[in-house]
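J.: dropping the sequence and predicted coords here.
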Amino acid sequence: MGPSIDTLDFHGVPALRLATRAGARAVVSLFGGQVLSWAPAQGEERLYLSDRAVFDGHTPIRGGVPVCFPQFAGQGALPKHGFARNREWSVAEQRTGDDFALVTLCLGDDEETRALWPQGFALELSVIVEESRLDMELDVQNTGDTPFDFTTALHTYLRVREVEESRLEGLYGLTYSDTADGGKLKRESGEAVLVEDETDRIYHNSVRPLLVREYDRSLGINNEGFPDVVVWNPWEERCAALSDMPPDGFRRMLCVEAAAAHHPIHLAPGQRWWGRQTLIAL
Ligand SMILES: O=P(O)(O)OC[C@H]1O[C@@H](O)[C@H](O)[C@@H](O)[C@@H]1O
């Protein structure tokens, strides 16, 4: 089979299905500009999408890779994680080659976004699927005539077989804000992060690649441009309080997010910023 990009209706939301000749595949929703599914060639699904996710065209979709912009979490007056994750994005480009499939989605300001945040901006999210890797690049441009600050994240929900048996390596020695402990600053002293309780951390200035190790497979993560890494798992009690998660959903997921959350990014009129997250199935 050749590479392909098809439009589809995914639980009622418009989406694109990408496939490469080798058999890697992904689904990208226009609502939220959100990757919802990704599997490498001859491999299994690597992203977590809740089976209780809501697809009503308003509620953020629980799972995949939501785009948080222009605000990460509750770090400001905007709705939590900003508004990009519940807006309809447009397709700017779609292309296939011998060994890849690529789509670029875009989102700009309109009356509704300016009512929340009075800035001119243009976002582009490029999603590239190759044999065993997924690249997601977020490009932000200030198209207005005043400077702005923003925080952002690619809020990647990784699918894991059992979160308690997964190890996240590559964060040793970094300082992190422990959101689950009142935002206290701590230093990572473990060779691997093990998730055995509610975990909500912003690791600052991460420069090394990360590795999620499971007993029978691993996933490499490389972030460029995004200075921070957010690690989130709601654990049992908070998960039970999320109406769009099954009670045991927290066991099947681990969010490892590429973020600019600790310090906002400043863009003068006309300036651009970009960040990329790469997932590699190993
Ligand atoms: O439920 P939401 O709005 O999608 O947010 C999920 C989580 O997203 C994480 O990125 C934050 O660090 C958490 O604090 C937050 O709870």
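T.: Cool, got the structure. Numbering: from 1, shown residues only.

J.: next up, the contacts around the residue nearest to Asp248 when sequence neighbours are not counted.
T.: Nearest non-adjacent residue to Asp248, counting by C-beta to C-beta, 6 or more residues apart in numbering: Cys239, 7.9 Å away. Using the backbone N, CA and C atoms, a C-beta is placed for each residue, glycine as well. Counting by C-beta atoms under 8 Å, 6 or more residues apart in numbering, Cys239 makes contact with 245, 247-250.

J.: how about Ala258?
T.: Counting by C-beta under 8 Å, 6+ apart, Ala258 touches 153-154, 156, 221, 223, 226, 228-229, 275-277.

J.: quickly list what it is bridged to.
T.: Bridge pairing for Ala258 (DSSP bridges) gives the partners Leu154, Val229.

J.: per-residue pLDDT, it?
T.: Here, the pLDDT recorded for Ala258 equals 98.

J.: could you check how far it is from the ligand?
T.: 11 Å (C-beta to the nearest ligand atom, to the nearest Å).

J.: how about the residues of the stretch 1-150 of the chain near the ligand?
T.: Contact residues, the stretch 1-150 of the chain versus the ligand (C-beta under 6 Å from any ligand atom): 60, 73, 80-81.

J.: just the buried ones from those?
T.: Buried by 16 or more other C-beta atoms under 10 Å: 60, 73, 81, out of these.

J.: of the residues you listed, which is the nearest to Leu194?
T.: Compare each of those with Leu194 using C-beta to C-beta and the shortest gap goes to Ala73, at 22.9 Å.

J.: doesn't His81 make contact with the closest one?
T.: Yes - Ala73 is within contact range of His81, at 6.1 Å (criterion: C-beta atoms under 8 Å).

J.: does Thr59 touch Asn86 like I think?
T.: Yes - between Thr59 and Asn86 there is a contact at 7.0 Å, judged by C-beta under 8 Å.

J.: the two: who's more crowded?
T.: More neighbours surround Asn86 than the other of Thr59 and Asn86, with 18 against 15 (other C-beta atoms under 10 Å).

J.: surely that one is in contact with Gly32?
T.: Yes - counting by C-beta under 8 Å, Gly32 is a contact partner of Asn86 at 6.3 Å.

J.: shared neighbours of those two, which are they?
T.: Counting by C-beta under 8 Å, 6+ apart, the common neighbours of Asn86 and Gly32 are Pro60.

J.: Leu105: neighbour count?
T.: 25.

J.: one more: Ala84?
T.: Here the number of neighbours of Ala84 (other C-beta under 10 Å) works out to 25.

J.: pull the contacting residues for the closest residue in space to it that isn't next to it in sequence.
T.: Nearest non-adjacent residue to Ala84, counting by C-beta to C-beta, 6+ apart: Phe69, 4.1 Å away. Contacts for Phe69 (C-beta under 8 Å, 6+ apart) come out as 82-85, 123, 138, 140, 150, 152.

J.: rebuild those as JSON lines, extending it with secondary structure, pLDDT and distance to Thr7.
T.: Putting the contacts of Phe69 into JSON lines (DSSP: H, G, I helix; E, B strand; the rest coil; pLDDT from 0 to 100; distance: C-beta to C-beta, whole Å) gives the following:
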{"residue": "Gly82", "secondary structure": "strand", "pLDDT": "98", "distance to Thr7": "26"}
{"residue": "Phe83", "secondary structure": "coil", "pLDDT": "98", "distance to Thr7": "24"}
{"residue": "Ala84", "secondary structure": "helix", "pLDDT": "98", "distance to Thr7": "21"}
{"residue": "Arg85", "secondary structure": "helix", "pLDDT": "98", "distance to Thr7": "21"}
{"residue": "Leu123", "secondary structure": "strand", "pLDDT": "98", "distance to Thr7": "21"}
{"residue": "Leu138", "secondary structure": "strand", "pLDDT": "98", "distance to Thr7": "22"}
{"residue": "Val140", "secondary structure": "strand", "pLDDT": "98", "distance to Thr7": "26"}
{"residue": "Phe150", "secondary structure": "strand", "pLDDT": "98", "distance to Thr7": "30"}
{"residue": "Thr152", "secondary structure": "strand", "pLDDT": "98", "distance to Thr7": "27"}
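
J.: by neighbour count, which of those residues wins?
T.: Most neighbours among the contacts of Phe69, by other C-beta under 10 Å: Thr152, with 28 neighbours.
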